[in-house]
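Undergrad: Below are the sequence and a predicted model for it; my questions follow.
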Amino acid sequence: MIDGAVLGFDFGARRIGVAIGNRLTGHARPLTTIDAVDTEARWNAVNAVIDEWQPVALAVGIPLHPDGAPHAMTARCERFARQLEGRYRLRVLRVDERYSSAVVEHEGDVDAAAAAVILQQWLDGGAGDA
């Protein structure tokens, strides 16, 4: 069982949405969006979020086609998850993110809102590593 803060990430080629949640409240909420174009700036921003929130685990959305098959972004998201594991030595949960962006397409900060949906799926127990 994971107790404590968990950060959720919706990885994209241009932006990374970030959310915060925990099992105690069972609730995830959007936190911020990180510009992902510049690699050094991206990792500096990820470092800052992790330093501020001190999570016990991280969750990364893994995109799949509706039939469950991987697509172009699947490998990139898996790579990002492995980089998080290597850099922070935290447990990184992989969460099926099918349809997360569609659920939040009318939100103000779509990327952070999608990260909250991904993390909420994991908190609800039905979308990835437990």
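TA: Nice, thanks for sending it over.

Undergrad: Helices of this protein, start to end?
TA: Residue ranges of the helices in the chain, as given by DSSP state H, are 39-53, 72-88, 100-103, 110-123.

Undergrad: and Pro63, which of those is closest to it?
TA: Of all these, helix 72-88 sits nearest to Pro63, with 4.8 Å by C-beta to C-beta. Where C-beta positions appear, they are placed from N, C-alpha and C, glycine not excepted.

Undergrad: got any ranges where the protein has weak pLDDT?
TA: Along the chain, segments meeting pLDDT under 70 span 1, 99-108, 126-130.

Undergrad: quick one, what contacts the residue lying farthest from the centre of the chain?
TA: Here the chain reaches farthest from its C-alpha mean at Asp67, the gap being 21.4 Å by C-alpha atoms, centre = their mean. If a contact means C-beta atoms under 8 Å, 6 or more residues apart in numbering, then Asp67 has no contacts.

Undergrad: can you tell me how far it sits from Arg98?
TA: Going from Asp67 to Arg98 by C-beta to C-beta, to the nearest Å gives 10 Å.
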